[in-house]
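*Asks:* What follows is a predicted protein model with its sequence.
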Amino acid sequence: MKKCFWMLLICCAVLFGAESPKYVFLFIGDGMSVPQRMLAEEYANKVRGTEICFNHFPCQAMTKTYSANSYVTDSAAAATAMACGVKTNNGRIGIDAQGNQLESVAYVAKKAGRKVGIVTSIYINHATPAGFYGKRLNRNMYYELGLDLVASDFDFFGGGGVNKNNDKKSKEYKGDIYDLATAAGYKIARTRDELQALKPGDGKVLAPGAKGTLKYRIDREPEEKEPALSEYVAKAIEMLDNPKGFFMMVEGGMIDLVGHGNDAATNMEEVTGLDAAVRVALAFAERHPKETLIVVTGDHETGGMTMGFAGSGNHLNVEHLGFQKISAGEFGKKVIAAKKDKADFKFEDAKPMLTKYFGFKFENDKNDPMSVTEKELKMLQDDFANNKLADAARRVMMNKSGVGWTTGSHTSLPALTTAKGVGAEKFQGFLENTDIAKILKEMF
């Protein structure tokens, strides 16, 4: 009888939130599924002797990503599902398939007295962050989503800038979003110095580190002036910490962009950047082990990444990605600039650039894995003639590393959700992406 009594007490304690976390972090890798996580893990292990911390969280769940009207979701529908707990049509933000407005976990947390922070490396009014505060039929209504951002009254926004912040063509135009935010009590912090100078007593914050997206991690200079995603997380923690706790959504938004571009090295670095941001949350959790929950997931997979493909002899040499020093997109810009500087710029002039930025060797040394084969050389030469050298360099790197791609778009692969901390055990098994919002809402 006594045993039954104590079991009843334990069940009631769990049911009524005895294990509800005070601090909740939700990290979302846009375009990040199992392949992206494992590629970064393999590189970290082989080259740096480290690991991707969130791959080793104790609780793990495969997570279905389909939307209400497509087996392959877009970021808007996926964000709405993870934020609000309801499947919707691709393209919609905070509105279900029938046109009804939904309530996100961020609003639930705010109503419960928690402070709320939204951080991303892409536009702050892009699909994923907007899914937590916006309510629009079309994800491309950037200005209107900017209005929703200001109206949300959330406490901290940081990372990328507001896209179309002064779109006078909008039927709802009321002025520049930054001016409207200032009038609504937000303090604008644009530079690293302004970000670091912020103090908890400064109130609500809108901190755009760039006019658009943040720089790719691989393209950042040693003395980069633009704050990294991890720096925004650290400052957000400082600004949001309070006796009632907080909810923070952090997006590694650029993983998706380079997934579309099939740029493996840059993709790996973006996942590593998300790892750095999660580590900031882990350091905070170590100080609040009985009050913190950290969840890491992805909204969908982008690019159909494969680790090992026939073109490379089914070998996987992720360490070769370390020879790439800049994104394929940035390399393309450098080639364009070089052609402007030299009117008769030839392929021979491009060879030193390919060696410097991709590690390609042209001495025909069969013992050097980065030596360009005849087939690869022809690919580079042909695409140079067609003004697509950066694309060819990216594909040669695929051969050298053994990382393949099946598409330039999204796929229906499930995402992997991992969790650590108070309530993490609820994120196990095979989940719907809507379960993420439902579980978190019950915790506030």
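*Replies:* Ah, there it is. Bear in mind that the values here come from a model prediction, so they are computed numbers and not experimental data.

*Asks:* pretty sure A181 is in a helix, no?
*Replies:* Yes: secondary structure of A181 (DSSP: H, G, I helix; E, B strand; the rest coil): part of a helix.

*Asks:* Near K174, how many other residues are there?
*Replies:* Around K174 there are 13 other residues, counting by other Cβ atoms under 10 Å. Where you see a C-beta, it was placed from the backbone N, CA and C, and this is true even at glycine.

*Asks:* From E319, how far out is R48?
*Replies:* 10 Å (Cβ to Cβ, to the nearest Å).

*Asks:* got the contact list for the spatially most central residue of the chain?
*Replies:* Of all residues in the chain, the one closest to the mean position by Cα atoms, centre = their mean is G252, 1.6 Å from it. G252 makes contact with F27, I28, G29, D30, M32, S121, L229, E270, V271, G273, L274, A277, according to Cβ atoms under 8 Å, 6 or more residues apart in numbering.

*Asks:* In TSV: those residues, plus pLDDT, secondary structure and distance to A109.
*Replies:* Shown next, in TSV, are the contacts of G252 (pLDDT from 0 to 100; DSSP: H, G, I helix; E, B strand; the rest coil; distance: Cβ to Cβ, whole Å):
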residue	pLDDT	secondary structure	distance to A109
F27	98	strand	16
I28	98	strand	16
G29	98	strand	21
D30	98	coil	21
M32	98	coil	24
S121	98	coil	22
L229	97	helix	21
E270	98	helix	27
V271	98	helix	27
G273	97	helix	25
L274	98	helix	22
A277	98	helix	19
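
*Asks:* and those as TSV, adding neighbour count and distance to V258?
*Replies:* Formatted as TSV, these follow (neighbours: other Cβ atoms under 10 Å; distance: Cβ to Cβ, whole Å):
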residue	neighbour count	distance to V258
F27	25	18
I28	31	16
G29	34	12
D30	28	11
M32	29	11
S121	29	11
L229	29	15
E270	31	6
V271	28	10
G273	24	11
L274	33	13
A277	25	17
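
*Asks:* ok, those vs K333, which is closest?
*Replies:* E270 (18.3 Å; Cβ to Cβ).

*Asks:* if I read this right, that closest one contacts G261, doesn't it?
*Replies:* No: counting by Cβ atoms under 8 Å, E270 stays clear of G261, with 11.3 Å between them.

*Asks:* My impression was that L147 belongs to a helix - is that right?
*Replies:* Yes: counting by three-state DSSP, one finds L147 located in a helix.

*Asks:* From A130, how far off is it?
*Replies:* Applying Cβ to Cβ to L147 and A130 gives a distance of 11 Å.

*Asks:* How many residues are close by K388?
*Replies:* Neighbours of K388 (other Cβ under 10 Å): 17.

*Asks:* how far away is the nearest residue to G421 once chain neighbours are set aside from I52?
*Replies:* Computed as Cβ to Cβ, 6 or more residues apart in numbering, the closest residue to G421 that is not its neighbour in sequence is L293, at 4.2 Å. In this view, L293 and I52 are 19 Å apart by Cβ to Cβ.

*Asks:* Over to A130?
*Replies:* Distance of A130 to I52, given as Cβ to Cβ: 27 Å.

*Asks:* Would you mind telling me which of the two has more residues around it?
*Replies:* More neighbours surround A130 than the other of A130 and I52, with 31 against 25 (other Cβ under 10 Å).

*Asks:* how close does the nearest residue to that one once chain neighbours are set aside get to P58?
*Replies:* In space, and not counting its chain neighbours, A130 is closest to L145: 4.6 Å by Cβ to Cβ, 6+ apart. To P58, L145 is 36 Å away according to Cβ to Cβ.

*Asks:* Which one's more surrounded, the two?
*Replies:* Here L145 and P58 are set side by side on neighbour count (other Cβ under 10 Å), and the busier one is L145, at 29 against 12.

*Asks:* Of R48 and E319, which one has the most company?
*Replies:* E319 (15 against 10).

*Asks:* what's near enough to touch the more buried one?
*Replies:* E319 neighbours (Cβ under 8 Å, 6+ apart): Y43, K46, V47.

*Asks:* From one end of stretch 129-147 to the other, what's the distance?
*Replies:* The stretch stretch 129-147 measures 14 Å between its terminal residues, going by Cα to Cα, to the nearest Å.

*Asks:* which stretch of helix or strand covers T266?
*Replies:* According to DSSP states H and E, T266 maps onto helix 264-287.

*Asks:* sorry, back to before: SS state for the residue nearest to G421?
*Replies:* strand.

*Asks:* That one: how many residues sit nearby?
*Replies:* 26.

*Asks:* quick one, what contacts it?
*Replies:* When contacts are counted by Cβ under 8 Å, 6+ apart, L293 touches P21, Y23, V24, F25, A419, K420, G421, V422, G423, A424, M443.

*Asks:* Let me know the secondary structure of the last one.
*Replies:* Pointing back at M443 there. Here M443 is recorded as coil under three-state DSSP.

*Asks:* before we move on, what about the third one?
*Replies:* Three-state call for V24 (three-state DSSP): strand.

*Asks:* ok, it touching F247?
*Replies:* Yes: in this structure V24 lies within contact range of F247 using Cβ under 8 Å: 4.8 Å.

*Asks:* more crowded one of the two?
*Replies:* For V24 and F247, the more surrounded residue by other Cβ under 10 Å is F247, and the numbers stand at 30 against 25.

*Asks:* so what's E291 up against?
*Replies:* Contacts for E291 were tallied using Cβ under 8 Å, 6+ apart; they are P21, K22, Y23, G245, V422.

*Asks:* Enumerate every residue touching the fourth one.
*Replies:* I take that to be G245. Here G245 is in contact with P21, K22, Y23, V24, R114, K115, E291 (Cβ under 8 Å, 6+ apart).

*Asks:* change it to 6 Å
*Replies:* K22, Y23, R114 (Cβ atoms under 6 Å, 6 or more residues apart in numbering).
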